[in-house]
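Colleague: quick one: sequence and predicted model below, then my questions.
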Amino acid sequence: MKGKLFVIGFGPGSFEHITKRARDTIAESDVVIGYNTYVDLIRGLMNGQEVVRTGMTEEVSRAQEAVRQAEMGKKVAVISSGDAGVYGMAGLIYEVLVQKGWSAATGVEVEVVPGISAINSTASLLGAPIMHDACTISLSDHLTPWAVIEKRIEAAASADFVIALYNPRSGRRTRQIVEAQRIMLQHRSADTPVGIVKSAYRDREQVVITTLAQMLEHDIGMLTTVVIGNSTTFLYDGLMITPRGYQRKYTLDADVQPLKPHMRLRKDAEPWALEDEEADVDLDAYEEDDLDAYMEESWHAETEADERSAADSDGDLEWEEEDDDALGDSHLAVKPGNKQSVAVGSYGLALEALQLVKRKKGEAVDEGVPARNLFVQESILEFAVSPGVVNKKITAAQMLLIAEAAGERGEIEYSTQHQLILRVPTSNPETLTRGLREAGLLLMPLGDVAQLKACDFCNGEKDESIPYAEQLAKGLNGRKMPKELKIGFNGCGMACYGAVNDDIGIIYRRGKFDLFLGAKPVGRNAHSGQPVAEGIKPERLIETIERIVAAYSEGGYPNERFYKYFKRVGKVAGYSYREVPMFVIEDAACGD
Ligand code: SAH
């Protein structure tokens with residue numbers, strides 16, 4: 001009769017965190033082999049098994065003994081804490097077997113029973129620090145040359161991995177953790193969150209959250225795992241959390257603009273992605289429902305797919321427009337840039353590095369050298385520029401400034417909204433925008449914000465209503481909305497800038513204002529807004545528009561366009577929606 005080897009990971013050490021298979025295999029075994037402390041930890045699961053106890057350093061003899069007993073026909077449980085395949089007994093057992101010429105077909109049967117490794121158990125106590133790409137590094141140079149370990153720390157730190165340090169420190173090995181911290185500080189900010197967990201899910205469990213700079217001030221021992229956050233890891237209410245991805249966009253006022261589900265996987269939305277087939281997927285080719293399915297399949301869109309509003313699934317032509325939005329949906333925003341990183345001379349880099357080192361040591365720094373963080377990801381600042389709310393003429397000097405701001409690597413695009421859109425890789429958005437503003441240019445965020453577009457009031461000749469346009473622009477431009485909200489403001493009944501085709505259309509006529517709501521400016525079933533009021537008194541205009549915008553801002557579903565919202569709620573700020581007959585396009589008759 002052939003024996004069997006179970007190589008079992010029993011998890012962090014508490015009964016509830018041992019898998020059922022681990023319990024069953026321990027119960028099924030004739031012999032249990034393991035480090036003394038571990039045998040004690042699982043004592044409650046045993047029913048009279050023979051125990052081969054060994055000390056910590058006798059792993060090889062333990063593995064040999066296990067194989068020997070299995071070859072004698074016994075069922076042998078070799079136990080490791082955490083997972084047996086992570087710095088545990090699994091590899092060693094196979095090494096012993098391989099040396100003996102073992103093969104699965106002819107030799108003893110082997111089953112590796114997975115367990116919860118320390119990276120997982122400690123992470124659960126810290127919050128959610130792993131989340132993104134992470135690695136484990138053992139600081140034990142007992143079987144691995146320190147030079148190799150050093151290289152791995154260096155590589156992981158520079159590649160922004162979350163790092164779980166196993167075997168961080170023992171009575172004899174005390175320098176390793178100090179060295180590890182030193183290397184990591186070369187790549188990560190001193191205030192990077194660090195979690196230190198001792199004896200997770202065991203008696204005398206200890207959880208400490210600190211920073212990379214201060215981690216050595218805490219108790220770290222053989223039963224500790226140290227988790228180093230990446231550049232995005234943050235602390236919240238005593239928890240250490242690593243977001244699932246890197247934020248792409250920030251408005252100038254640091255308002256984070258997360259990617260919408262339909263914008264994911266697009267090259268223009270995630271410019272840092274390696275160009276591959278997936279990134280090239282032509283989303284336009286999908287029907288809306290299929291697209292949902294596609295998104296569901298993609299791990300990128302796991303949860304975000306749910307966020308898509310009910311409003312988007314009513315089966316009309318919305319998707320076409322969503323696509324256009326995605327291309328133009330670029331807020332007054334900064335997003336991490338792509339491969340075209342700044343060309344900095346090596347001398348410049350060296351100087352900056354020296355400043356960093358000096359600063360860390362508390363030494364005087366040369367103020368002439370920029371105090372840039374060497375490891376900041378470059379970002380793209382996106383925003384719209386126009387000469388003003390009313391003015392539509394750009395001076396040559398302003399044009400030059402815009403060109404200068406775009407520089408060699410930026411781009412300038414002319415938008416449907418009579419604006420120039422600038423996309424400029426920069427790590428210093430403030431400086432870039434200040435100059436443009438000082439030259440009298442109007443800078444506007446794009447995307448899901450309110451935007452007022454006024455006409456030129458016949459070159460300023462029909463100027464009575466200009467103050468209202470300016471006041472509205474000042475109060476509303478850039479305000480966060482469920483979906484982009486276009487407000488058109490035209491200074492006479494001609495409405496030649498097309499206010500009737502905007503979400504909210506305001507037209508000044510004979511000293512008063514007419515109001516149009518809910519246009520659908522694009523798509524096959526485009527229509528103008530409904531005239532909902534005529535002759536609004538000027539003193540009531542601002543308050544009326546404010547109420548409409550506020551109602552939409554509070555009541556609109558995420559991603560729901562204004563016209564859909566208006567239709568859904570039926571009444572906004574006292575103005576009722578009226579059903580308009582659908583225009584049916586007949587097939588052309590042949591022979592006509
Ligand atoms: N096979 C184990 C790792 C063994 S190496 C696993 O998968 O978890 C031993 C190291 O694991 C310890 O130095 C410590 O860093 C970590 N470790 C194991 N159990 C732990 C626990 N309960 N709490 C914290 N760290 C633990």
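Modeller: Arrived safely, thanks for sending. Predicted model, so just to flag it, every value in this text is computed and none were measured.
Colleague: which bits of this structure sit near the ligand?
Modeller: 12-13, 80-83, 86-88, 117-118, 121-122, 166-167, 197, 199-202, 222-225 (C-beta under 6 Å from any ligand atom). Any C-beta I mention is one placed from the backbone N, CA and C, and that applies to glycine too.
Colleague: one more pass at 5 Å, please.
Modeller: The chain has residues 12-13, 80-83, 86-88, 117-118, 166-167, 200, 225 near the ligand, with proximity defined as C-beta under 5 Å from any ligand atom.
Colleague: so which of those sit within strands?
Modeller: S80, Y166, T225 (DSSP state E).
Colleague: now tabulate these in CSV and tack on distance to V110, pLDDT and neighbour count.
Modeller: Shown next, in CSV, are those (distance: C-beta to C-beta, whole Å; pLDDT from 0 to 100; neighbours: other C-beta atoms under 10 Å):
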residue, distance to V110, pLDDT, neighbour count
S80, 14, 93, 26
Y166, 24, 98, 19
T225, 27, 98, 27
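Colleague: in space, what's closest to the spatially most central residue of the chain - neighbours in sequence excluded?
Modeller: Centroid check for the chain by C-alpha atoms, centre = their mean gives G245 as the closest residue, at 2.9 Å. Distances taken as C-beta to C-beta, 6 or more residues apart in numbering place H132 nearest to G245, at 7.2 Å, with adjacent residues excluded.
Colleague: hmm, who's touching stretch 407-418?
Modeller: For stretch 407-418, contacts defined as C-beta atoms under 8 Å, 6 or more residues apart in numbering pick out 328, 340, 384, 386, 392, 402-403, 406, 420-425, 451, 453, 486.
Colleague: next, the buried residues of it.
Modeller: Neighbour counts using 16 or more other C-beta atoms under 10 Å place R409, G410, Q417 of stretch 407-418 among the buried residues.
Colleague: rewinding a little: make CSV out of the ones in strands among the residues of the chain next to the ligand and add distance to L441.
Modeller: CSV is the format used below for those (distance: C-beta to C-beta, whole Å):
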residue, distance to L441
S80, 65
Y166, 55
T225, 53
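Colleague: follow-up on the earlier one: can you list which of the contacts of stretch 407-418 are found in strands?
Modeller: A384, S386, L420, I421, L422, R423, V424, P425, Q451, K453, K486.
Colleague: would you confirm that the first one contacts Q419?
Modeller: Yes. Counting by C-beta atoms under 8 Å, a contact exists between A384 and Q419, whose distance comes to 4.0 Å.
Colleague: give the residues shared as contacts by these two.
Modeller: M444.
Colleague: neighbours of L443, how many?
Modeller: L443 has 19 neighbouring residues, counting by other C-beta atoms under 10 Å.
Colleague: show me what contacts it?
Modeller: L332, F383, A384, V385, T433, L436, R437.
Colleague: closest to V580 among those residues?
Modeller: Closest approach between the contacts of L443 and V580, by C-beta to C-beta: A384, at 31.4 Å.
Colleague: next one, pLDDT for the closest one please.
Modeller: Confidence at A384, expressed as pLDDT, is 91.
Colleague: can you give me the distance of it to E408?
Modeller: 21 Å (C-beta to C-beta, to the nearest Å).
Colleague: P429 and I380 touch, don't they?
Modeller: No. Counting by C-beta under 8 Å, P429 does not reach I380; the two are 9.7 Å apart.
Colleague: ok, these two, which is more surrounded?
Modeller: I380 (25 against 20).
Colleague: how about that one, secondary structure?
Modeller: Three-state call for I380 (DSSP: H, G, I helix; E, B strand; the rest coil): strand.
Colleague: L422 is in contact with that one, correct?
Modeller: No. Here I380 lies out of contact with L422, judged by C-beta under 8 Å, at a distance of 9.8 Å.
Colleague: which among the contacts of stretch 407-418 end up buried?
Modeller: 328, 384, 386, 392, 402, 406, 420-425, 451, 453, 486.
Colleague: which single one of those residues is nearest to F513?
Modeller: K453 (16.0 Å).
Colleague: so who does the closest one touch?
Modeller: Q417, H418, K486, I487, G488, F489, Y497, D502.
Colleague: okay, those in JSON lines with pLDDT and secondary structure next?
Modeller: Shown next, in JSON lines, are those (pLDDT from 0 to 100; DSSP: H, G, I helix; E, B strand; the rest coil):
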{"residue": "Q417", "pLDDT": "81", "secondary structure": "coil"}
{"residue": "H418", "pLDDT": "83", "secondary structure": "coil"}
{"residue": "K486", "pLDDT": "95", "secondary structure": "strand"}
{"residue": "I487", "pLDDT": "96", "secondary structure": "strand"}
{"residue": "G488", "pLDDT": "96", "secondary structure": "strand"}
{"residue": "F489", "pLDDT": "97", "secondary structure": "strand"}
{"residue": "Y497", "pLDDT": "92", "secondary structure": "coil"}
{"residue": "D502", "pLDDT": "96", "secondary structure": "coil"}
